[in-house]
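[1] need the 3D shape of this:
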Amino acid sequence: MRIEIIRSPRRRSTAQARLVDGVLQVRVPAGLPPTEEDRLVKGFVTRFERGRTAGPIDVAARAAGLVRRFGLQPPRSVRWVGNMSSRWGSCTITTGDIRISDRLAAYPDWVLDYVIVHELCHLSVPDHSPAFWKLVNRYPLAERARGYLLAKGTETEADDDVTD
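    Numbers count the residues shown, from 1 in each chain. Below is the predicted model:
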């Protein structure tokens, strides 16, 4: 990916990046220290590369298939998000909206499916009670996927955000 850094004397504290004709344009304050500029650019590159990986995967269609396969309650929406750094997914039970971290696009399909199933189950059981885990564990690779995510360093029982 080609990167163009645009230093702006009018920018004081914010940075921004966007893809223009295949070039990642990163706009930063003119006086930003080089180490901070490097950190920001690397972060933007990582985020845009993840987005490119996640793009071809239709996460809503995967969720619809899992709803049918496991007899789960259908969500109102399922979408990729790029702003989850400590969670794999989240579910707003009052609206039925599910968000899936785009970091999962780089993982095996069965891990992505587990996270989707986990969030779908919250539409029926909003907590992490035994009833919830019984529902989640209907996914045959649930234990294996939890182990995979544990190895990646951020999976815990309270790892997802369930909002009402």
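
[2] which stretches of the protein form strands?
    Along the chain, the segments classed as strands by DSSP state E run 2-8, 16-20, 23-29, 77-81, 89-92, 97-101, 161-163.

[3] and these as CSV, adding mean neighbour count?
    Just so you know, the C-beta spots here come from the backbone N, C-alpha and C atoms, and that holds for glycine as well. CSV is the format used below for the strands of the chain (neighbours: other CB atoms under 10 Å):
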stretch, mean neighbour count
strand 2-8, 13
strand 16-20, 13
strand 23-29, 17
strand 77-81, 18
strand 89-92, 22
strand 97-101, 23
strand 161-163, 15
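
[4] G89 against D113, yeah?
    No: in this structure G89 lies outside contact range of D113 using CB atoms under 8 Å: 11.4 Å.

[5] longest helix in the protein, please.
    The longest helix of the chain (DSSP state H) is helix 34-54.

[6] domain boundaries for this structure, per the record?
    The chain is divided into the following domains under automatic domain parsing: 2-54, 59-163.

[7] return the most buried member of the ones you listed.
    The highest mean neighbour count among the domains of the chain, using mean count of other CB atoms under 10 Å, belongs to domain 59-163: a mean of 17.

[8] tell me who's in contact with the residue nearest the centre of the chain.
    For the chain, S101 is the residue whose C-alpha lies nearest the centre (CA atoms, centre = their mean; 0.5 Å). Residues near S101 by CB atoms under 8 Å, 6 or more residues apart in numbering: 80-82, 84, 87-89, 115.

[9] and S124, by the same measure?
    With CB under 8 Å, 6+ apart, S124 has these contacts: 72-73, 135.

[10] switch the strands of the chain over to JSON lines; also include mean pLDDT.
    Output for these, formatted as JSON lines (pLDDT from 0 to 100):
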{"stretch": "strand 2-8", "mean pLDDT": "88"}
{"stretch": "strand 16-20", "mean pLDDT": "78"}
{"stretch": "strand 23-29", "mean pLDDT": "86"}
{"stretch": "strand 77-81", "mean pLDDT": "90"}
{"stretch": "strand 89-92", "mean pLDDT": "94"}
{"stretch": "strand 97-101", "mean pLDDT": "93"}
{"stretch": "strand 161-163", "mean pLDDT": "41"}
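
[11] so which of the ones you listed is nearest K152?
    Nearest to K152 among the strands of the chain is strand 97-101; the distance by CB to CB comes to 11.0 Å.

[12] now the closest one against helix 34-54, angle please.
    Strand 97-101 and helix 34-54 are oriented at 120 degrees to each other (axes from the mean of the first three to the mean of the last three CA atoms, to 10 degrees).
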